[in-house]
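**Student:** predicted model and sequence follow; I will ask about them next.
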Amino acid sequence: MLLSVRDLIVEFYTYRGIVHALNGVSFDLDKGEVLGLAGETGSGKSVTAFSIQRLLPANAKIVSGKIVFDGVDLLELSEEKMREIRGQRIATIFQDPHTYLNPVFKIERQFLDVLKYNDPEIKALENKKEAERIAFEKAVEMLKKVKMPAPERVLKMYPHELSGGMKQRVLLAMAYSLTPDLIIADEATTALDVTIQAQVLEIMKELQKEKNLSVLLITHDLGVIAENCQKAAIMYAGRVVEIGDVKKVLISPKHPYTQGLLKALPRTDKEVELVGIPGTVPDLVNPPTGCAFNLRCPYAKEICRTKVPPYTLEEGSTVACYLYGGK
Amino acid sequence: MRGISRTILAVAVIVLVVIVGAVAVLMQPPTPTITTTTTTTTATTTTATTSTTITTTTATTTTATTTTVTTSPTTTTTTIKPPNPDTLVQETIGEPDYVDPAVDYETAGGEIIMNVYETLMWYDGESATKVIPWLAESYQMSADGKSYTFTLRKGIKFHDGTPFNAKAVNYSIVRAILIADPNGPAWMLGPLKGAEELMYSIQDGVATQDDVAAWLASKPIEVLDEYTVRMNLDYPYSPWLSVLAYTVTAIVSPTYVEAHGGIVVGEHNEWMDRHAEAGTGPYILKSWEPNVLTLVRNDAYWGGPKGNIKPVLKTVIIKGVADANTRLLDLLKGDADFAYVPVTHIDQLIDMTTWFNEKKIVVKPEVADKVRVTGPYETFNLDFIAFNLNIKDEITKQPAAFQPFRDIRVRKAFVYAFDIDQYLRDVVKYFAIQPNGPVPKGMFGYNPSIPTQQYNLTKAKELLLQAGPDLGFSPQNPKTMTLYYNTGNLAREKAALLIASAINSLNVGLVIQVVPLDWPAFLAKQRARALPFFVLGWAPDYVDPDDYLIPFGHGQKGTFPIVIGYNNPELNTLIEQQAVEADPVKRQAIIDQIVNTLNSEYIYLWTAQATARHVERTWVKGWYYNPAYPGNYFATISKG
Amino acid sequence: MKLYEYSIRRIFLLIFVLLGVTILTFYLSRIVLNPLGAYVTERTRPEAIPAIEKRLGLDKPFYIQYIIYLQDLVTFNWGWSRVAHMPVIEALFYRFPATVELAIASFIIIILVGVPLGIISALKNNSVVDHAIRIFSLTGISIPVFWLALTLQYSFSYLPKVAGLPSLPSNGRVDALLYQQYPVNRITGLMIFDSLIQGNFIIASDALLHLILPAMTLAFLSIGAVTRVARSSMLEVLRQDYISTARAYGLPERMVIYKYALKNAMIPVTTLSGLLFGGLLAGAIITESIFAFPGMGQLTVFAISSNDSYTIMAFTVLASFIYVLINLLVDIVYAKLDPRIKY
Amino acid sequence: MKSRQTRMFLMDLKFALTLLRKNKLVVSGFVMVLFFIFLALFGDFIVDPNIAKSVDYPNALKPPSWEHPFGTDDNGRDIVAMVVLAAKYDLAIALSVILASIGVGILVGSVSGYFGGIIDEVIMRITDIFLAFPGLVLAMAIATVLGRSFTNLMLALIIVWWSGYARIMRGQFISEREKPYVAAAKILSVPSWRIIFRHILPNAIYPMLVVLTMDMGGVILTAAGLSFIGLGPSPFEPEWGSLASRGAVYLFQAPWIIFFPGIMILFACLGFNLVGDGLRDVLDPRLRR
């Protein structure tokens, strides 16, 4: 098992009070596997991504839980050790390409710095000039891989001179150039329009296959998950409510929330009447007791309102709901 | 709320500590007794009185460390050897306007001119009343007193090597008249034949080349031979010899001036304004940097009339230092040999109690071995407040509606309201005496028996209450008036404040505001007759009562009567009579009559006739005081 | 639009602004202040005044006077400075380098102290250090200039002298006596620079000593402003996404802060420092007059107290020119620093 | 619609106040400002106002003592009394200059920012002239011609101060002008002056609040500077700046004349600046962590 997250609880300290962003997130990710993490905005998807990388902002605190990566609990690591893992072992691709590249440096500078500090081969070189040259070549090679036209010219340009799609490809190239074991794609394609989105996902799939990487694909677009992931996990109000094989979860959803989500999804193959989920996403400053979804769940029982439902295995998917046993 | 009250407390505590700490520290300001490292064989004791350091770092508390080390000063008078014996450093205020004798009209420039150039007549050492022949050997006055013939000394050379002769005398005086600077001293040469008329036409821009040629042809100054020259006047003028002792008649080397732009009618010679190296005097102006003038010795100096003047100092540096405290410190540290110490700071050098009681200058023991303070010497600087009888509105140029000073009771009341004792004791610290009229003490024509003005607040209130109804002011409907003074002069500012607060305290319906004005703006308002009443001063040109009676008394020609609208024809004729009266006894009688009439009209409130004092290091020798000198005469000074 | 065209357009606007300034200056000096004041004393005969006006050309109608004034301005014949006793342009030539030298000295202190303080205060946000720095910088901009100058003079120059301890000089630009013995001939007018070239280390060190107190006074006032801008812009930048990218890609924290964050944060700081330097160049009026530092500022104070309108006009035109020029330079530098700016 | 907007505003205000209360610096700044305002309002009751109009040379330049905790100035007046009386003048000059300048600034800035084009270019160039022009010279000209008085000092400061605000307001209006709510108002043919004053101004004014608070201190400092070079009011109109600057001549004999008025200026300005600095953090939404 490459990555296993157990009961991760994260809180944010703001002026309005303590926001319980994650209330016990648990899931596993195997080597070479692509896990889709879906949920509405505010369900804690990005917080999970940032927690894995330990890049949470100053006012956030990981209360408890374990993130075991390749046998090592990342939460115990020193900042120095964590720095080595970031980039070399775990890479992240962020959502809005426009703001994730430093505006005042050319692409070349940023790309080469990343390589020089992470790529073992380049790090070993004493001669500065030599390191630059090899890093440059590697960058060009990676950019070609992500089907970037005229990579040499792109490297010499400033971020604001590139389009959104091209910038995302640069980030992709940077991420993959370090051959990490795990790629976290946090809404990596949401900001792009559909045609570019498809191309980028295509490139990610090829790179993933070629290097047998495992990918944690975070998105709210169930369609993207259906095409690209083997397993899917549905998050709601800071907890994973259902996780399992993508086919099972999307075609025969167990958890009422997943069912609600799917019902709200327009289908091309058949006529269907769209039904929204009543109520709104709970306020995380004082989350509801028991199962967070109980206010909006049609099958909610007394127990749902009092006790947090445990995970039970139900036809190959793990689900946290009292409909499926568990007292 | 608890958080807030704690911060309020914290802030209050910090503020309090800063202020209380400062108050404690400032209780006794350190008197500047400087310990000097000396080079003499007998080491002097270092006397360090309380030295307090205030480290007022921002809002944090003040740390006051007071170290008191007082050891009794040694009784043996130790002579401290000056660091550089042949260079004198003088720190004073301001800089010359120009150093060209033909145009310069203030003391800073006068000091340079007096050391670089020389005049036919000059003062004999310390006496200001007697002028003796200097560059001239002897002179005869014609019977009608309208012409003077001078035989000049032979063998004197200008700094540029050319000989001093009658041609140079003629050239120098004619030059001053042809430049005719309206703000300059050339008007004093007015009595010379046709000179006044020519100067007026030059100043009015109507003089033509042939007017000048005609005037020169009329030979106001005749060069009889190489070393004799005769000057012809339009009318007998007894002060002419003292005019010839004024810097405007300083003799310059014609060859040097011609080589540097010559004479242009009505225009300054910009080179001569900035350079003074073409005279016959003991020093030459070597350089003029911002605030620093350097004089160097003229080794070929002819020695003066008695042949006894041999300049010792090689260089004299005159530094303009605006801040009095710095001058004082440099003096005490030995970086300066002369320093102008104003009244506000003199109490750090001399023992004020002996000065207040016995009017004797005694230097404080701690600085006695370093500094010598001599004086008080009478100066002829007269400060006064003048009342405008015909106030004009500056914009409409018409006489203003409210003319309080036309009523003699108001003028008298203001004179009574001025607390002269408080002014002399606490403001000018007795470095001035109360004048009794326009003629300053120490000048011919001064009569000690004339009574001085008295301070009597009750009488002042009485008079103002009487005058109030006639002039339309009363406690119920008060009128405000503005008293102007020129910024920068602290003594005049305090005189204005004193009279203003006195009148305001009477609350008879007159409210006085005090407003400072820049000098040029003050003059512009004065010319426009817009100053209701003002504080000002007058300094002498040449040492003669004529130079005071005209400006204060003469309705047509007097500087002040013109601007305050005062004209007493009878007084005008008396003033003209005394100018031409040769017999001193008769002249004194006329002058007394003039002064008494003027005082009876209460036109002026005489506030002070300043007395000067001289401050120098103990190692300076050979300095002497003459009220007529614009500055120090360096030729007789040495350091040792 | 290329940078070149942008500059041309800005220079055209600059000329327009300068023209406006000359009109205002002309109005002030000729109509409000009446330059005659500098040429007429209490001894001048009233009848002589018309001739003086004619000589100064004051009797002509205003617009002609203005045109003559512009011609004089362009031909650098800026009239006679009564206060400096020399033609105004010569006075400027003499005194401006002194102001420049003081400006450079205080600018160096401002940047070396202000920027690091701002960054530290941003990195340790809301900590005790941050509060201390904020109080220090806010005090900097709450102290009256002359009060600070006089307190420094009192504590570092007067008291040590009284107590016989070594003290900092607080008067003038170099010790007159020392300058007599080791004269330095003027090349650029920057005392320290000139003396160093000529190997005259005595004067160089003395000039440096004389610079300390005035430069410290000037610096203390502006450090506050620089620190606050550096702090707020650093805080702003640290929250940007590209910083988390840098961290996510394992770049060392030191590099993330001092290379990636710093360059972005420095943009607003550069603009502010440019403006501050412009202010310093215009002459530290009060500081120069307290420390008797013979620069433009001191001359202006003398000119104001004796109403010498030619010197005041020269100072006004020079100060406005510097302000406008510095603004242009700051904009251009801003464009160089931030590639996103297009014209 | 109205109540909801005000309710939002009140909620926001309450929220801002809670933030302010937490920040120690702001509270201490607030205390200083309150003390300054208290002195200004009640000065004349605490101390007899005609001390300022009288002179008493016998006990001039007396060092701090129990009778005169702050010592006496060169005209023999007790410095504690003068400092208390001066607070009124300083508050008056600060308030009047700021209010007048913001008034003019808004007018000029809004017009040129909102309309843009030629109007903007012309107005901005004129503002540039005033920005480039050294305020000192203007103050001097006014003081010379009209004489040195308190009102003239105020006038001089106003004439120069407004240009800075005009520029800031213009910048604000340009950025607000692009916002959709302005376009919406235009479509509904709302008259432009209403758009400017009812809609854009409330949003544009926020950043100004910080600048205004800090400039309150700035005005007092500039006035003190002008007093030092001799352009301040006459001795009968006590103002901290002129009180302190008159002490410069007596620095070494009587340092207390400069020290105490200077300290008052420092605390007053520091107060305003602390409050302003705190305000900036509160008003800047992204900094609300």
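**Tutor:** Here it is on my side, so go on. Numbers count the residues shown, from 1 in each chain, chains lettered A, B, ... in the order given.
**Student:** can you pull out the strands in the stretch 1-150 of chain A?
**Tutor:** A:3-14, A:17-29, A:34-38, A:60-69, A:72-73, A:90-93 (DSSP state E, counting those that start in this stretch).
**Student:** of all the ones you listed, which lies closest to C:Pro294?
**Tutor:** In terms of Cβ to Cβ, the element of the strands of the stretch 1-150 of chain A nearest to C:Pro294 is strand A:3-14, at 57.6 Å. For the C-beta atoms, the positions are set from N, CA and C on the backbone; glycine is no exception.
**Student:** right, quick check: that closest one against chain D, any contact?
**Tutor:** Yes: Strand A:3-14 lies within reach of chain D by Cβ under 8 Å from any Cβ of the partner chain, at A:Thr14.
**Student:** check stretch C:320-337 too.
**Tutor:** Yes: using Cβ under 8 Å from any Cβ, we find that stretch C:320-337 touches chain D at C:Ser320, C:Tyr323, C:Val324.
**Student:** what about that stretch, distance to the chain center?
**Tutor:** 14 Å (Cα atoms, centre = their mean, to the nearest Å).
**Student:** for the helix or strand where B:Val415 lies, packing partners?
**Tutor:** For B:Val415, the host element (DSSP states H and E) is helix B:408-417. With contacts taken as 3 or more Cβ pairs under 8 Å, 6 or more residues apart in numbering or on different chains; DSSP states H and E, helix B:408-417 sits against strand B:371-387, helix B:457-471, helix B:490-506.
**Student:** deepest of these, which one?
**Tutor:** helix B:490-506 (a mean of 22; mean count of other Cβ atoms under 10 Å in any protein chain shown).
**Student:** re earlier: show the subsequent helix or strand relative to the helix holding B:Val415.
**Tutor:** helix B:420-422.
**Student:** any residue of that next one touching chain D?
**Tutor:** Yes: using Cβ under 8 Å from any Cβ, helix B:420-422 reaches chain D at B:Gln422.
**Student:** downstream of that helix, the next helix or strand is which one?
**Tutor:** Downstream of helix B:420-422 (by DSSP H and E), the next one is strand B:432-433.
**Student:** could you give the number of residues near residue 143?
**Tutor:** Picked chain A for this. Under the neighbour criterion other Cβ atoms under 10 Å in any protein chain shown, A:Leu143 is assigned a count of 25.
**Student:** let's do chain C instead
**Tutor:** 24.
**Student:** doesn't it fall inside a helix?
**Tutor:** No: counting by DSSP: H, G, I helix; E, B strand; the rest coil, C:Ile143 is not found in a helix; it is coil.
**Student:** turn the residues of stretch C:320-337 next to chain D into TSV, columns for pLDDT.
**Tutor:** Below are the residues of stretch C:320-337 next to chain D laid out as TSV (pLDDT from 0 to 100):
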residue	pLDDT
C:Ser320	86
C:Tyr323	85
C:Val324	84
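**Student:** quickly name whichever of those residues is closest to A:Gln53.
**Tutor:** For those, the nearest to A:Gln53 is C:Tyr323 (48.7 Å; Cβ to Cβ).
**Student:** for the closest one, give its distance to D:Phe133.
**Tutor:** 9 Å (Cβ to Cβ, to the nearest Å).
**Student:** do the same with A:Leu171
**Tutor:** On the measure of Cβ to Cβ, A:Leu171 and D:Phe133 end up 51 Å apart.
**Student:** centroid residue for the chain?
**Tutor:** No chain specified, so I'll use chain A. A:Ile218 (3.5 Å; Cα atoms, centre = their mean).
**Student:** sorry, should have said chain C
**Tutor:** Taking Cα atoms, centre = their mean, chain C has its central residue at C:Leu280, 1.4 Å away.
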